[in-house]
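> give me coordinates for this.
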Amino acid sequence: MPSQSVRIAYVAGYGRSGTTILDIALGQHAAVMGAGEITALTRHVWQNNEYCACGRPVRDCDFWSAVVQEWSEGWDSRLMADYCALQEKFEGLPVFMKALGGAEPGEQLTSYGLHTKRLFSTVLSRSGKQMIVDSSKLPGRAMSLAKIPGIDLRVIHVVRDGRGVAWSMMKSYDRDVKSGLQKELRPKPVFRTALRWSIVNLAVEYLSRQLGPDRVMRVRYEDFASNPALVMQQIGAFLELDLSQIGSSLENGEPICPGHQVAGSRLRMNASIALSKDESWRTRMPARQQVSFQRLGSWMLRRYGYL
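Next comes the predicted model:
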């Protein structure tokens, strides 16, 4: 295992907030590997042979098949299953409840950290890059990654107006494996989205307090979509990368191309993507649904400047 620190730009937040397109945008930099939701690789992507953004099933993808083979080499055949069990323990929201209660992570965190760092190191060596973008979103995963020796973690907290998230969640989508939808997505009620949106973002804020302002920055989806040049400049300063050319390209409406992102938005399965601001909820989401969300999440909407 390489002795140097593994640089990770972790994108945290709630779903349908633009995390995948930010992952793809950052992956345009020559030194950055936009990897998608790496947590899903071992949870279900490899097991179900789901599609990589390159257009191939993951087991037929030259990059990920090589990564998994190298990562698994020399270990028991149950490595994937055992690692998934560790992920369940250290990546969910219960991690925060245990931390608040003062519980110690235990010896299993050492095993989780060993295999996680090995996986990241393999991704870096196979890609030839210097930094990985992991857009797994889960705040619990970020908290556990921060405790692993040898991982240099920077967290980008992506926030989107919860009413826009709720409007997106209200839609249903049929299963379409090749388009990146591994299962049917049924509409979610507004109250459920409002509650989960608030909890997840609060968890990321708790993480921010634990890590400190030099290791966490917040990005609003609306700002990124409206002024990508400025936001990419800010992210570049945070990650110590020159992202100005990527920001200018996005500002000019030039398309960006996915690489080997796993899981995440179905947008990653498009050959090229142009950044556009989606605020259709303002005119298409029923007023009563907007009001319902505001009743439950107004304090968080106000906190992020949406009210």
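> tell me, what residue is most central in the chain?
With distances taken as C-alpha atoms, centre = their mean, residue 135 lies nearest the centre of the chain, 2.0 Å away.
> can you show me the strands along the stretch 201-307 of the chain?
216-220 (DSSP state E, counting those that start in this stretch).
> so, low pLDDT: which residues of it?
Counting by pLDDT under 70, the stretch 201-307 of the chain contains no low-confidence range.
> hey, where'd the helices end up in it?
Remark: helices assigned in the stretch 201-307 of the chain by DSSP state H, counting those that start in this stretch are 221-226, 228-239, 244-251, 281-284, 287-303.
> now the ones you listed in a markdown table, with distance to residue 179?
Where C-beta positions appear, they are placed from N, C-alpha and C, glycine not excepted. Supplementary listing: these in a markdown table, determined by distance: least, C-beta to C-beta, whole Å:
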| stretch | distance to residue 179 |
| --- | --- |
| helix 221-226 | 22 |
| helix 228-239 | 25 |
| helix 244-251 | 23 |
| helix 281-284 | 22 |
| helix 287-303 | 27 |
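> nearest to residue 113, of the ones you listed?
With C-beta to C-beta as the criterion, residue 113 lies closest to helix 228-239 of the helices of the stretch 201-307 of the chain, at 22.4 Å.
> that's a strand at residue 126, yeah?
No. Assignment of residue 126 by DSSP: H, G, I helix; E, B strand; the rest coil gives helix, placing it outside any strand.
> re the thing from before, can you give me the pLDDT of the residue nearest to the centre of the chain?
As predicted, residue 135 sits at a pLDDT of 98.
> if I've got this straight, it is in a helix?
No. With three-state DSSP as the criterion, residue 135 is strand rather than part of a helix.
> of the helices of the stretch 201-307 of the chain, which is nearest residue 202?
Closest of those to residue 202 is helix 287-303, at 7.6 Å (criterion: C-beta to C-beta).
> list the buried residues in the closest one.
By neighbour count with 16 or more other C-beta atoms under 10 Å, helix 287-303 contains the buried residues 289, 290, 292, 293, 294, 296, 297, 300, 301.
> contacts for that helix, please.
With contact meaning C-beta atoms under 8 Å, 6 or more residues apart in numbering, helix 287-303 is reached by 161-163, 166-167, 170, 190-191, 193-195, 197-198, 201-202, 281, 307.
> swap in 6 Å and give it another go.
For helix 287-303, the external contacting residues (C-beta atoms under 6 Å, 6 or more residues apart in numbering) are 162, 163, 166, 190, 194, 198, 307.
> tell me the contacts of the fifth one?
Residues near residue 194 by C-beta under 6 Å, 6+ apart: 293, 296, 297.
> from residue 185, how far out is the last one?
Between residue 297 and residue 185 the computed distance is 22 Å (C-beta to C-beta, to the nearest Å).
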